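Chemist: Build me a structure from this.
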Amino acid sequence: MMIPACRLVDLPRGEAHRLPVDPPVSVFHTDDGELFAIDDTCTHQDASLADGWLEGCEVECPLHASKFDLRTGAVDAPPAKLPVRTHEVVVEDGMVYVRLSTEAPNLPPCVAARLAGGPA
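Modeler: I've put the predicted structure just below:
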């Protein structure tokens, strides 16, 4: 499924835009002008990666400093051990779209339980 994220002009380089889907997804615009989309929730604990620090093609979680590669979703620094999903980004007529991955997300237990309707 492809969903509209934002207009490209509204996403400055070095910034992120969080999409309110379950689970949330964020689009990152690197300083080099590249666009990447990953699951927004750190796989270690419930923290928004869009609130983290973007450096090159990595984002650092604001909670415990786990780092994720925006290109692959791989964990580059603990305490997270599982990668985040990556999603395809398409720009058409100045609009940024995200094609959501069909893979299952890697979510921390508290988030997975909440999405499944269990206790948080």
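
Chemist: now the strands for this structure?
Modeler: 2-7, 15-19, 25-29, 35-39, 53-55, 58-60, 67-69, 75-77, 86-92, 95-99 (DSSP state E).

Chemist: Kindly reformat the ones you listed as TSV containing distance to Ala116.
Modeler: Every C-beta, even on glycine, is put in place using the N, C-alpha and C of the backbone. Shown next, in TSV, are the strands of the chain (distance: least, Cβ to Cβ, whole Å):
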stretch	distance to Ala116
strand 2-7	22
strand 15-19	21
strand 25-29	19
strand 35-39	16
strand 53-55	30
strand 58-60	26
strand 67-69	23
strand 75-77	23
strand 86-92	21
strand 95-99	23
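
Chemist: Arg18 and Ile38: what is the separation?
Modeler: 11 Å (Cβ to Cβ, to the nearest Å).

Chemist: Now do the shared contacts for those two.
Modeler: 25-26 (Cβ atoms under 8 Å, 6 or more residues apart in numbering).

Chemist: ok, now which ones touch the nearest residue to Met2 once chain neighbours are set aside?
Modeler: In space, and not counting its chain neighbours, Met2 is closest to Arg99: 4.5 Å by Cβ to Cβ, 6 or more residues apart in numbering. Contacts for Arg99 (Cβ under 8 Å, 6+ apart) come out as 1-2, 87-90.

Chemist: which intervals of this structure have sub-threshold pLDDT?
Modeler: For the chain, the stretches with pLDDT under 70 are 118-120.

Chemist: Find the nearest non-adjacent residue to Val89, please.
Modeler: That would be Leu35: by Cβ to Cβ, 6+ apart, it lies 4.4 Å from Val89.

Chemist: what's the burial count for that neighbour?
Modeler: Residue neighbour count, defined by other Cβ atoms under 10 Å, stands at 19 for Leu35.

Chemist: Tell me if I'm right that it and Phe28 touch.
Modeler: Yes - between Leu35 and Phe28 there is a contact at 7.1 Å, judged by Cβ atoms under 8 Å.

Chemist: Just give me the neighbour total for Cys42.
Modeler: 30.

Chemist: Next, find the distance separating it from Met2.
Modeler: In terms of Cβ to Cβ, Cys42 sits 25 Å off from Met2.
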